[in-house]
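J.: 3D, please:
(one chain, ligands or ions: 2)
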Amino acid sequence: MSPGKLTLGLIINIVLILLISYGTTGSLNPFQAFSSSNLLIKIVLIVLAFFTFIEFLFLLVISRIPEDAICQDPDCGKDIRTYYLVLRGAIRCPVCGRWYHRACWIRYNRTSSPLEILKGCKKCRGEGEMGRPRLLGEEDTLRG
Ligand SMILES: [Zn+2]
Ligand SMILES: [Zn+2]
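T.: Numbers count the residues shown, from 1 in each chain. Ligands and ions are numbered 1, 2, ... in the order given. Got it, this is the predicted structure:
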(Lines give C-alpha, C1' and ligand atoms only; values in the text may rest on other atoms or scores of the structure.)
(Ligands and ions follow the chains in the order given, each with its own letter.)
Protein backbone atom coordinates (compact mmCIF):
# COMPACT_ATOMS: atom_id res chain seq x y z
CA MET A 1 0.00 0.00 0.00
CA SER A 2 1.41 3.38 -0.93
CA PRO A 3 1.27 6.44 1.34
CA GLY A 4 -0.76 8.22 -1.33
CA LYS A 5 -3.50 5.59 -1.19
CA LEU A 6 -3.34 5.62 2.60
CA THR A 7 -3.80 9.37 2.76
CA LEU A 8 -6.74 9.05 0.38
CA GLY A 9 -8.25 6.28 2.56
CA LEU A 10 -7.78 8.45 5.61
CA ILE A 11 -9.53 11.41 3.97
CA ILE A 12 -12.39 9.20 2.72
CA ASN A 13 -12.89 7.79 6.24
CA ILE A 14 -12.99 11.22 7.80
CA VAL A 15 -15.43 12.48 5.13
CA LEU A 16 -17.64 9.42 5.75
CA ILE A 17 -17.65 10.05 9.50
CA LEU A 18 -18.60 13.68 8.92
CA LEU A 19 -21.31 12.72 6.39
CA ILE A 20 -22.84 10.17 8.76
CA SER A 21 -22.75 12.72 11.58
CA TYR A 22 -24.41 15.33 9.42
CA GLY A 23 -26.93 12.83 8.06
CA THR A 24 -28.05 11.66 11.49
CA THR A 25 -27.92 14.81 13.61
CA GLY A 26 -27.48 17.68 11.19
CA SER A 27 -24.20 18.49 12.92
CA LEU A 28 -20.68 17.79 11.80
CA ASN A 29 -19.70 16.78 15.32
CA PRO A 30 -19.24 12.97 15.30
CA PHE A 31 -19.51 12.81 19.09
CA GLN A 32 -22.99 14.30 18.97
CA ALA A 33 -24.00 11.76 16.31
CA PHE A 34 -22.50 9.00 18.40
CA SER A 35 -24.44 9.82 21.53
CA SER A 36 -27.79 10.42 19.88
CA SER A 37 -27.99 7.77 17.15
CA ASN A 38 -28.99 4.11 17.01
CA LEU A 39 -26.75 1.10 17.52
CA LEU A 40 -26.07 0.52 13.82
CA ILE A 41 -24.79 4.07 13.31
CA LYS A 42 -22.71 3.71 16.47
CA ILE A 43 -21.08 0.53 15.16
CA VAL A 44 -20.40 2.10 11.76
CA LEU A 45 -18.83 5.13 13.46
CA ILE A 46 -16.66 2.93 15.71
CA VAL A 47 -15.44 0.84 12.75
CA LEU A 48 -14.68 3.96 10.69
CA ALA A 49 -12.87 5.59 13.62
CA PHE A 50 -10.88 2.40 14.17
CA PHE A 51 -9.68 2.22 10.55
CA THR A 52 -8.93 5.93 10.55
CA PHE A 53 -6.78 5.42 13.63
CA ILE A 54 -4.94 2.41 12.16
CA GLU A 55 -4.30 4.22 8.88
CA PHE A 56 -3.05 7.24 10.76
CA LEU A 57 -0.63 5.12 12.82
CA PHE A 58 0.59 3.33 9.71
CA LEU A 59 1.15 6.66 7.96
CA LEU A 60 3.24 7.80 10.94
CA VAL A 61 5.35 4.63 10.77
CA ILE A 62 5.80 4.72 7.01
CA SER A 63 6.58 8.44 6.91
CA ARG A 64 9.93 7.84 8.64
CA ILE A 65 11.02 5.85 5.56
CA PRO A 66 12.43 7.99 2.74
CA GLU A 67 10.18 8.03 -0.31
CA ASP A 68 12.92 6.76 -2.60
CA ALA A 69 14.19 3.99 -0.28
CA ILE A 70 14.76 0.83 -2.29
CA CYS A 71 15.28 -2.63 -0.81
CA GLN A 72 18.99 -3.47 -1.04
CA ASP A 73 18.41 -7.21 -1.27
CA PRO A 74 19.73 -8.02 -4.78
CA ASP A 75 16.80 -10.38 -5.27
CA CYS A 76 14.21 -7.77 -4.34
CA GLY A 77 15.11 -4.18 -5.28
CA LYS A 78 11.54 -3.05 -4.73
CA ASP A 79 10.25 0.16 -3.20
CA ILE A 80 10.31 -0.10 0.61
CA ARG A 81 7.12 1.85 1.25
CA THR A 82 4.99 0.20 -1.41
CA TYR A 83 5.81 -3.33 -0.24
CA TYR A 84 6.01 -2.48 3.47
CA LEU A 85 3.03 -4.60 4.49
CA VAL A 86 3.50 -7.40 1.95
CA LEU A 87 7.13 -7.97 2.97
CA ARG A 88 6.44 -7.62 6.69
CA GLY A 89 7.91 -4.23 7.49
CA ALA A 90 11.30 -2.64 6.99
CA ILE A 91 14.72 -2.76 8.63
CA ARG A 92 17.38 -0.10 8.22
CA CYS A 93 20.90 -1.42 8.57
CA PRO A 94 22.28 0.27 11.71
CA VAL A 95 25.82 0.22 10.27
CA CYS A 96 25.50 1.43 6.67
CA GLY A 97 21.94 2.81 6.65
CA ARG A 98 20.76 0.67 3.73
CA TRP A 99 17.03 -0.19 3.72
CA TYR A 100 15.65 -3.72 3.49
CA HIS A 101 12.19 -5.21 3.79
CA ARG A 102 11.97 -7.29 6.93
CA ALA A 103 11.32 -10.50 4.97
CA CYS A 104 14.19 -9.67 2.58
CA TRP A 105 16.58 -8.92 5.45
CA ILE A 106 15.86 -12.30 7.04
CA ARG A 107 16.34 -14.17 3.77
CA TYR A 108 19.37 -12.20 2.61
CA ASN A 109 21.21 -11.91 5.91
CA ARG A 110 19.85 -15.20 7.28
CA THR A 111 19.04 -13.75 10.68
CA SER A 112 16.33 -11.78 12.42
CA SER A 113 17.72 -11.55 15.94
CA PRO A 114 18.16 -7.93 17.10
CA LEU A 115 21.74 -8.63 18.16
CA GLU A 116 22.69 -9.89 14.68
CA ILE A 117 20.90 -6.95 13.06
CA LEU A 118 23.13 -4.57 15.05
CA LYS A 119 26.20 -6.09 13.42
CA GLY A 120 25.02 -4.82 10.05
CA CYS A 121 23.95 -6.31 6.75
CA LYS A 122 25.88 -8.62 4.44
CA LYS A 123 26.78 -5.71 2.16
CA CYS A 124 28.55 -3.61 4.76
CA ARG A 125 30.21 -6.69 6.25
CA GLY A 126 31.71 -7.30 2.82
CA GLU A 127 29.87 -10.54 2.25
CA GLY A 128 27.67 -9.25 -0.53
CA GLU A 129 27.07 -11.62 -3.39
CA MET A 130 27.90 -9.10 -6.07
CA GLY A 131 27.15 -10.19 -9.59
CA ARG A 132 25.03 -13.11 -8.53
CA PRO A 133 22.32 -13.54 -11.14
CA ARG A 134 18.78 -12.97 -9.96
CA LEU A 135 16.91 -16.23 -9.95
CA LEU A 136 13.64 -16.16 -11.82
CA GLY A 137 10.61 -16.74 -9.63
CA GLU A 138 12.54 -16.31 -6.42
CA GLU A 139 10.69 -13.12 -5.53
CA ASP A 140 7.35 -14.77 -6.04
CA THR A 141 7.95 -17.34 -3.33
CA LEU A 142 8.03 -14.47 -0.83
CA ARG A 143 4.50 -13.34 -1.42
CA GLY A 144 2.86 -16.65 -0.52
ZN1 LIG B 1 12.85 -6.35 -0.34
ZN1 LIG C 1 24.76 -2.56 6.27
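J.: Check what pLDDT Pro3 gets.
T.: pLDDT, Pro3: 66.
J.: quick one: contacts for the nearest residue to Gly89 once chain neighbours are set aside?
T.: Of all residues not flanking Gly89 in the chain, Arg102 sits nearest, at 4.0 Å (Cβ to Cβ, 6 or more residues apart in numbering). Where you see a C-beta, it was placed from the backbone N, CA and C, and this is true even at glycine. By Cβ atoms under 8 Å, 6 or more residues apart in numbering, the contact set of Arg102 is Leu87, Arg88, Gly89, Ala90, Ile91, Ser112.
J.: rerun that using 6 Å as the cut-off
T.: Residues in contact with Arg102, defined by Cβ atoms under 6 Å, 6 or more residues apart in numbering, are Arg88, Gly89, Ile91.
J.: Out of these, list just those in strands.
T.: Ile91 (DSSP state E).
J.: Take the contacts of Arg102 and lay them out in a markdown table including neighbour count.
T.: Output for the contacts of Arg102, formatted as a markdown table (neighbours: other Cβ atoms under 10 Å):
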| residue | neighbour count |
| --- | --- |
| Arg88 | 16 |
| Gly89 | 15 |
| Ile91 | 21 |
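J.: Now render the contacts of Arg102 as a markdown table, adding pLDDT and distance to Thr7.
T.: Output for these, formatted as a markdown table (pLDDT from 0 to 100; distance: Cβ to Cβ, whole Å):
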| residue | pLDDT | distance to Thr7 |
| --- | --- | --- |
| Arg88 | 92 | 22 |
| Gly89 | 93 | 20 |
| Ile91 | 94 | 24 |
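J.: For the residue nearest to Gly89, give its distance to Tyr84.
T.: Distance, Arg102 to Tyr84, using Cβ to Cβ, to the nearest Å: 9 Å.
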